[in-house]
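Asker: Whatever this is, show me its structure:
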Amino acid sequence: MRILKKIACHITVVGFLALYVSCASIFGSLSVEAGPNLGTRAVDREYSPYDDAPQLQGRCEDCVEGQHQATASSSIAGAGSASSFFGGGSEEAIPGFFIGASLDTPLNSKLSAQTGLRFSTKGSKTTIDNLGSIKTRLTYIDIPLQLRYPIRPKFTVQGGLQPSILLGANEKSEVNGDTTEQDVKDNYKGFDLAATLGVGYIFNDNLSVQLGYDHGFLNLEEQQGFGDVKNRVIRLGVLYTLKTW
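Answerer: Take a look at the predicted model:
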């Protein structure tokens, strides 16, 4: 009988010990789970920078914006333009187009330099009273050399100089019902220089639009005595960024 009592007593003690260990393990795990994130992180796993993502979000956005401004990029651009000659008499603007590629290189966190190559059409239309009109179209390779600066999160301004190399010149005359076309490249100088000024709007990392104005400095006429004829161009283009690095 005494042996049975001892066995029962030992079983009771072992049972209480098992219950205590079970309860301690359960409540212990609950206290860890319900404790501060820092304590849980330190005990269970190594620290990850993503744990503080909400706290760092504002600073990361600033970092990303600054990084975007200091990132080099290559782009293609193209769209329409309106051009006219200045100083040649009764001149009217004619529609044209341009297409090309550009490279944007950061100089600091805000200012960047832009250059590239662009095929463009320019020209003008001269109306002859009660007789008809003469339309002159020039084709150029433009080499814009500009500086770009962001004035607001999505708005930029750019300006600089633009040398241009003449590729060809065509003149179409419609006078008294007769239409004639001729190559007049020899009548124009092979080089032009203009000041450029424009604004841009950035839709996202790849797509933006730009509105620009080119103000030619040089007389286009090869022969003297016809007055100064200079290019004036307004451009509206779409720019797509191909690569950033």
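Asker: just so I have it, where are all the helices in this protein?
Answerer: Assigned by DSSP state H, the chain shows helices spanning 2-34, 37-44, 53-69.
Asker: Out of these, point me to the one whose mean pLDDT is lowest.
Answerer: When the helices of the chain are compared on mean pLDDT, helix 37-44 scores lowest, with a mean of 36.
Asker: By average pLDDT, which secondary structure element in the chain comes out worst?
Answerer: When the helices and strands of the chain are scored by mean pLDDT, DSSP states H and E, helix 37-44 comes last with a mean of 36.
Asker: List the contacts of Q146.
Answerer: By Cβ atoms under 8 Å, 6 or more residues apart in numbering, the residues touching Q146 are 113-115, 158-162, 196. All C-beta atoms are positioned from the backbone trio N, CA, C, and that covers glycine.
Asker: any idea how far D214 is from it?
Answerer: Computed with Cβ to Cβ, to the nearest Å, the distance linking Q146 and D214 is 11 Å.
Asker: Can you check which residues contact both of the two?
Answerer: Between them, Q146 and D214 share these contacting residues under Cβ under 8 Å, 6+ apart: 162, 196.
Asker: mind showing which ranges of the chain have poor pLDDT?
Answerer: Residues of the chain that meet the criterion pLDDT under 70 lie in 1-70, 87-90, 224-227.
Asker: Scan it for its longest strand.
Answerer: Ranked by number of residues, the top strand in the chain under DSSP state E is strand 155-175.
Asker: send the alpha carbons of that strand over as CSV?
Answerer: Only the C-alpha atoms of strand 155-175 are listed here, as CSV (Å, rounded to 0.1, in the frame of the first residue of the first chain):
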residue,chain,number,x,y,z
PHE,A,155,8.8,70.2,-64.9
THR,A,156,12.1,71.0,-66.5
VAL,A,157,13.7,73.9,-68.4
GLN,A,158,16.5,73.5,-70.9
GLY,A,159,18.4,75.9,-73.1
GLY,A,160,21.7,76.2,-75.0
LEU,A,161,23.1,76.4,-78.5
GLN,A,162,22.4,74.3,-81.6
PRO,A,163,24.7,73.9,-84.6
SER,A,164,23.0,72.6,-87.7
ILE,A,165,24.4,71.1,-90.9
LEU,A,166,22.4,71.5,-94.1
LEU,A,167,21.6,68.3,-95.9
GLY,A,168,19.3,69.6,-98.7
ALA,A,169,17.0,72.4,-99.9
ASN,A,170,14.0,72.1,-102.1
GLU,A,171,11.8,74.9,-103.5
LYS,A,172,8.3,74.4,-104.8
SER,A,173,6.6,77.2,-106.8
GLU,A,174,2.9,77.4,-107.6
VAL,A,175,2.5,80.5,-109.8
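Asker: what lines up beside it in the sheet?
Answerer: With DSSP bridges as the test, strand 155-175 is paired with strand 132-142 (antiparallel), strand 145-152 (antiparallel), strand 178-183 (antiparallel), strand 191-202 (antiparallel).
Asker: Just the buried positions in the second one, please.
Answerer: Neighbour-count burial for strand 145-152, counted by 16 or more other Cβ atoms under 10 Å, picks out 146, 148, 150.
Asker: so A93 touches F85, yeah?
Answerer: No: applying Cβ atoms under 8 Å as the test, A93 and F85 come out as separate, 9.4 Å apart.
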